[in-house]
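Undergrad: coordinates only, sequence not included:
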């Protein structure tokens, strides 16, 4: 009986859960950020922008910062 | 008068001795059980787990080939790598946590333990072990290539690529054979710090030697080859590489067992978050060095670097992977060069040690122990030690054939490892309906792995596949994964009753 209870509790821990509304928001932001990476082909030019960097590079840096913030907030507030 | 190569080589060997001492010291508290030999008795704290994961993930691939790829394809590598390195951190938590929970509660040691137990299939255990053994050899070879390049360049060509690679590979095998993966965890902490500081220091020194600021670097790159400032992979290759390096590498056995080793889920979540930060930020200085290399390759540096030096290195070493080591050796003070090249060696050794340790575990635990179930723990440790040395030598033997660019070999290895994903996801995420059973998992894995092997540009010729059908490893691995999922689900539905 105890073994069965333990097994059930483990299965419960393994389930994907979105009980915390913040986890839905962060997941959506991360998914959108990764998908937006594909938009880079729309402005894939070497023209200089900030610090002489090209548009696709600045765009990639922006998405990187967004994703890093999502990961840190998720670790602090959502991930158990 | 002490020559530059003597200083650099001395520092490299001192570094090597330092690592062997750490490895030896770790054995003083080694308990002769497989759990301690491989999983640090499941007590890895945040610092150890984070640095071991990050330094194991970043190998000769990060320190050597990334600079070569930045120099030849430009910012493309950053646009892909920031995505796959952050994804690796997310995967490390989302999948890693589930692997950790199951591993701790069921006492899993090898990655195949989890799959065999969840699917109740010893055949799946054996097939997974075989697939990993095949693809992991590529990863081991890559580290041997990197180590050969480092010592050959660091010694100014006085120690050959072949001998240099053998020395460093055997030294790594020695400390892993003595201390098991416990030794690898300890050395990974030192190596993780060393390589991160090394790449940033190398980046800052090399860039500011030639350009007053970052803006000037980008201006120079634009003059030389503006295409280096755009994304030059088509979207299928970009997405494929992100999945292969972001997911595929994280579920390879050498990183999988890091999930088992975690002390608790708190440790695992912060290790994952810090890993994402570490891995992605590592490529910023690598990008700046790579772009500097591209400019210097076009213009040359009078008396130091000839224009077109990248082509010359490619001719000498069989790929452009030597660019980073060569720039460090020729452009920095010998003491700095020694320390930085030791950082590069750290990147390769920290992955090599985990790989040879893990593959020996898989073969000991999933093959030998099944054949000889009454074997004592001491004899299993002995078999593991023999396999560690054997796989290190196999990797070296392949490396001296100079099989090509590290990036391509790693992509094949990770692409093959990625094919375990469908079986793993079904095993760690409970669903109302079981989409994949043991037959589906086996069929999907075999089909996916075969597609990667047969249709990748570098390996297609060995299977008689026309070159027009072959694709880069990142792209073909993505197609293989999709087919793998479909095959796994269809076979599972067909065999539902018997399962």
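TA: On my side now, so go ahead. Values in this document were obtained by computation on a predicted structure and should not be read as measured data.
Undergrad: and residue B:238, that's in a helix?
TA: Yes. Assessed with DSSP: H, G, I helix; E, B strand; the rest coil, residue B:238 lies in a helix.
Undergrad: Not counting sequence-adjacent ones, nearest residue to it?
TA: residue B:80 (5.6 Å; CB to CB, 6 or more residues apart in numbering or on different chains). (C-beta placed from N, C-alpha, C; glycine too.)
Undergrad: Then residue B:72?
TA: residue B:320 (6.1 Å).
Undergrad: and if you look at residue B:100?
TA: residue B:259 (4.7 Å).
Undergrad: list the contacts for the one you found?
TA: Counting by CB atoms under 8 Å, 6 or more residues apart in numbering or on different chains, residue B:259 makes contact with B:92, B:95-97, B:99-100, B:103, B:268.
Undergrad: same question for the helix ranked longest in chain B, mean pLDDT?
TA: Using DSSP state H, we find that the single longest helix of chain B is helix B:161-210. Per-region confidence: helix B:161-210 scores 90 on mean pLDDT.
Undergrad: quick one: that helix near chain A?
TA: No. Helix B:161-210 does not reach chain A (CB under 8 Å from any CB of the partner chain); its nearest approach is 12.5 Å.
Undergrad: quick check, residue B:91 in a helix?
TA: Yes. The assignment for residue B:91 is a helix, going by three-state DSSP.
Undergrad: What distance do you get for the nearest residue to it once chain neighbours are set aside to residue B:256?
TA: Distance criterion CB to CB, 6+ apart; nearest residue to residue B:91, sequence neighbours excluded, is residue B:250 at 4.5 Å. Computed with CB to CB, to the nearest Å, the distance linking residue B:250 and residue B:256 is 8 Å.
Undergrad: Kindly report the same for residue B:174.
TA: As for residue B:174, its distance to residue B:256 is 24 Å (criterion: CB to CB).
Undergrad: Among the two, which residue is more densely surrounded?
TA: More crowded of residue B:174 and residue B:256, by other CB atoms under 10 Å in any protein chain shown: residue B:256, with 24 against 20.
Undergrad: Break chain B into its domains for me.
TA: Here the domain parsing of chain B from automatic domain parsing is B:4-404, B:419-499.
Undergrad: quick one, which of these is packed in tightest?
TA: Burial of those is given as mean neighbour count (mean count of other CB atoms under 10 Å in any protein chain shown); domain B:4-404 ranks first at a mean of 22.
Undergrad: Quick one: end-to-end length of that one, please.
TA: End-to-end distance for domain B:4-404, by CA to CA, to the nearest Å: 29 Å.
Undergrad: which SSE is the nearest residue to residue B:202 once chain neighbours are set aside in?
TA: Counting by CB to CB, 6+ apart, residue B:340 is the residue found nearest to residue B:202 once chain neighbours are left out, at 4.8 Å. Per DSSP states H and E: residue B:340 is located in helix B:334-363.
Undergrad: The residue nearest to residue B:202 and residue B:328, how far apart?
TA: 5 Å.
Undergrad: Is the residue nearest to residue B:202 in contact with residue B:201, as I believe?
TA: Yes. The criterion here is CB atoms under 8 Å, and residue B:340 meets it with residue B:201 at 6.5 Å.
Undergrad: List the residues that contact the residue nearest to residue B:238.
TA: By CB under 8 Å, 6+ apart, the neighbours of residue B:80 are B:233, B:238, B:241-242, B:245.
Undergrad: Tell me the residues of chain A that contact chain B?
TA: Residues of chain A lying near chain B (CB under 8 Å from any CB): A:6, A:10-11, A:13-16, A:30, A:34, A:37-38, A:40-41, A:44-46, A:48, A:51-54, A:56-57, A:60-61, A:63-64, A:67-68, A:71-72, A:74-75, A:79-80.
Undergrad: Mind giving me the PyMOL select for those, buried ones only?
TA: Buried subset of the residues of chain A next to chain B, written as a PyMOL selection, criterion 16 or more other CB atoms under 10 Å in any protein chain shown:
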select buried, chain A and resi 10+13+14+30+34+37+40+44+46+48+52+53+54+56+57+60+61+63+64+67+68+71+74+75+79
